[in-house]
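K.L.:
Below is the sequence, then the predicted model.
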Amino acid sequence: MKMDSLQSIAASLASADSTDGVLKNIVEGICRESDAALARIWLKNDGDRCETCQARKFCTDQTRCLHLVASDGMSLDLVEGRWRNLNGRFCRMPMNSPKIGSVASTGEPTLVSDMDPRWIVDQDWMTSEKIKCYAGQPLIFRGEILGVMGVFSRSMIDDDSFAILRTFANQAAAAIANARAFDEISRLKNELESENELLRREVIGDLKEDEIIGASPAIEQVRWQIEALAQSDATVLIQGESGTGKELVARAIHASGPMAKRPMIRVNCAAIPRELFESEFFGHVKGAFTGAAQDRVGRFELADGGTLFLDEVGEIPLELQSKLLRVLQEGTLERVGDAKSIEVNVRVVAATNRDLGQAVKEQRFREDLFYRLNVFPITVPPLRVRQDDIGVLATHFLQAGARRLGRDAPILDDEQVAQLEGYAWPGNIRELQNVIERSLITAKRGKLRFDVANTGNSWSKPVPGSAPSASFYTYADLSELERQSITDALEISGGKVGGRQGAAELLGIKSTTLAYRMKKLGIRQSKVIESAN
């Protein structure tokens, strides 16, 4: 066995594109360039066939054994042909087995030239194939024994050739370790791409422009703000009550912006434990802490080139907010346990149902982080100020729910719409959707029943003939109350609709919303001024 022959084999290992390719090149090369009858490689792996393994009774530790991963050679019997089967008698070898296992256990190479019967399992095979020598070399990389390379030769292997084989075994071990590392990188890359696609579908879905439903002035204002952001990657802070559709607005911002082709990654800040905050956001390296069995990519890296949606951002603990602020300011991060900085280009859209301005005053939220997030604020209106959108939203939810149930969608009549519009909807659009879906499930002969007075309770049938236990306002009563409130506010403001001390400010609504409600209710500003004078 010559050094130049083994060097040519080592050179071929660099061209292999996988661990299997490297192993195949090693055993085929040895048989091609020498008098080897058979070349095999066993690698250390976890036990996986212990119940059926032929060597089980000899194995002292069934958690770990040698697995045959590569084999090549040519029998003198042309009928038998090449030895490439990996599932034969010696596919699993105990770590304490002689000849093969001893090399893996001790890390010491073995050369058997006289073919001592104590080392021979199949004497007939040795004789028929004219095997004269066996060499077993440990495959060692950076102090770790990966496995064993065994060579059965039809000619004697002298000490020089054995030493050359030892050098080659080191090169082979390095090639195997590198190939394994590349395989792992490829696997992680595929997992990351799959996770990116999964998260992209989860958060973005099949977003259509008309999914933000409604035509009220309040929702038209939100649409205008989304359109204004179309060519910008500015940080956005979406505020609004629970159930108003803040995430839907975030999706629309991403879908209409310059990063729409990249993923949008959602993080529920309220659901992340304090001790996992850094790992979840920034990732970690293997061994960074107990349980960190492998490297993990954080949400910021997943969102690189796209959008990171920080839902419930107001729930981030005060002591952890500085870590988020640093990444937003510098555009770099370090994984937990790693000193290397990673640059990220992420568009941040945050959402909260809390008053962050008040939280800043109460020192429950960092002021610098608030201003970093509040570059472009959007307030999603509650459903009670979008009364004219309720019928359209209810119809949309009816049609979507009916499709899922495989039914024809019922048509809402004016009385049903009036009933829905007469309710305050403290749970906003989410509550409306739940009410509609429950009404579809319990509908009889297509007749819908909206028990909006008891949406938080079970849907029990009322006792026949029983009267309501609580007083209530009809839709006409509510309209009259609204008319009176607007008229009173206009009189107090001297007929002034917008601006400081205007009627809109007194009522706590936007001037555009007030103007729309005045038109809807037939309130003329001039008449109010005349009556006030």
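P.N.:
Great, that's in hand.

K.L.:
Identify the spatial nearest neighbour of Arg180, chain neighbours not counted.
P.N.:
Thr19 (5.3 Å; CB to CB, 6 or more residues apart in numbering). (Glycine included, C-beta is placed from N, CA and C.)

K.L.:
Break the chain into its domains for me.
P.N.:
According to automatic domain parsing, the chain comprises the domains 3-184, 204-379, 383-454, 475-532.

K.L.:
Can you tell me the element Arg403 falls in?
P.N.:
For Arg403, the host element (DSSP states H and E) is helix 390-405.

K.L.:
Past that helix, which element shows up next along the chain?
P.N.:
helix 414-421.

K.L.:
What are the buried residues along that following helix?
P.N.:
For helix 414-421, a neighbour-count test (16 or more other CB atoms under 10 Å) marks Gln416, Val417, Ala418, Gln419, Leu420, Glu421 as buried.

K.L.:
What is the nearest of those to Asp388?
P.N.:
The shortest approach to Asp388 among the buried residues of helix 414-421 belongs to Glu421, at 8.1 Å (CB to CB).

K.L.:
re the thing from before, rank the domains of the chain by mean pLDDT and give me the bottom one.
P.N.:
For the domains of the chain, mean pLDDT drops lowest on domain 475-532, to a mean of 77.

K.L.:
Give the bridge partners for the closest residue in space to Thr110 that isn't next to it in sequence, please.
P.N.:
Nearest non-adjacent residue to Thr110, counting by CB to CB, 6+ apart: Gly136, 4.2 Å away. For Gly136, the beta-bridge partners under DSSP bridges are Thr110, Gly150.

K.L.:
Gly136: neighbour count?
P.N.:
25 (other CB atoms under 10 Å).

K.L.:
Show the contacting residues for it.
P.N.:
Lys99, Ile100, Ser102, Val103, Pro109, Thr110, Leu111, Val148, Met149, Gly150, Val151 (CB atoms under 8 Å, 6 or more residues apart in numbering).

K.L.:
if I look at Cys91, how far off is Ala70?
P.N.:
Using CB to CB, to the nearest Å, Cys91 is found at 12 Å from Ala70.

K.L.:
More neighbours: which of the two?
P.N.:
Ala70 (23 against 18).

K.L.:
Surely the more buried one touches Gly29?
P.N.:
No - between Ala70 and Gly29 there is no contact under CB atoms under 8 Å: 11.0 Å.

K.L.:
For the host helix or strand of Tyr516, enumerate the helices and strands it packs against.
P.N.:
For Tyr516, the host element (DSSP H and E) is helix 511-521. With contacts defined as 3 or more CB pairs under 8 Å, 6 or more residues apart in numbering; DSSP states H and E, helix 511-521 has these neighbours: helix 217-228, helix 475-492, helix 503-507.

K.L.:
Go again with 10 Å.
P.N.:
helix 217-228, helix 475-492, helix 503-507, helix 525-532 (3 or more CB pairs under 10 Å, 6 or more residues apart in numbering; DSSP states H and E).

K.L.:
Buried ones in the longest one, by neighbour count?
P.N.:
By that I understand helix 475-492. Buried residues in helix 475-492 (16+ other CB under 10 Å): Leu478, Ser479, Glu482, Arg483, Ile486, Thr487, Ala489, Leu490.

K.L.:
now the buried residues of helix 414-421 as a markdown table including distance to Ala181?
P.N.:
Formatted as a markdown table, the buried residues of helix 414-421 follow (distance: CB to CB, whole Å):
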| residue | distance to Ala181 |
| --- | --- |
| Gln416 | 64 |
| Val417 | 64 |
| Ala418 | 68 |
| Gln419 | 65 |
| Leu420 | 61 |
| Glu421 | 64 |
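
K.L.:
Between Ala70 and Gly29, which contacts overlap?
P.N.:
Taking CB atoms under 10 Å, 6 or more residues apart in numbering as the contact rule, Ala70 and Gly29 both touch Ala39.

K.L.:
show me where the stretch 151-300 of the chain has strands.
P.N.:
236-239, 264-268, 283-284, 296-297 (DSSP state E, counting those that start in this stretch).

K.L.:
Where does Ala37 sit: helix, strand or coil?
P.N.:
strand (DSSP: H, G, I helix; E, B strand; the rest coil).

K.L.:
what's near enough to touch it?
P.N.:
31, 73-76, 83, 125-126, 129-133, 151-155.

K.L.:
8 Å instead, please
P.N.:
In this structure, Ala37 makes contact with Cys31, Gly73, Met74, Ser75, Leu76, Glu129, Lys130, Ile131, Phe152, Ser153, Arg154, judged by CB under 8 Å, 6+ apart.

K.L.:
Which among the residues you listed count as buried?
P.N.:
Buried by 16+ other CB under 10 Å: Cys31, Gly73, Met74, Glu129, Ile131, Phe152, Ser153, out of these.

K.L.:
what does stretch 380-399 contact?
P.N.:
213-216, 218-219, 221-222, 238-241, 243-246, 249, 409-410, 412, 417, 420-421, 424-425, 428-429, 431-433, 436-437, 440, 448, 509, 513, 516, 520.

K.L.:
My guess is Arg430 contacts Gly243. True?
P.N.:
Yes - using CB under 8 Å, Arg430 is in contact with Gly243, at 3.4 Å.

K.L.:
okay, these two: which has more neighbours?
P.N.:
Gly243 (20 against 15).

K.L.:
quick one: contacts for that one?
P.N.:
Gly243 touches Leu383, Gly427, Asn428, Ile429, Arg430, Glu431, counting by CB under 8 Å, 6+ apart.

K.L.:
biggest separation within these, which pair?
P.N.:
Between all members of those, the farthest pair (by CB to CB) comes out as Leu383 and Arg430, at 9.4 Å.

K.L.:
For Trp224, the count of nearby residues, please.
P.N.:
Trp224 has 9 nearby residues by other CB under 10 Å.

K.L.:
again with Gly88
P.N.:
For Gly88, using other CB under 10 Å, the count is 10.
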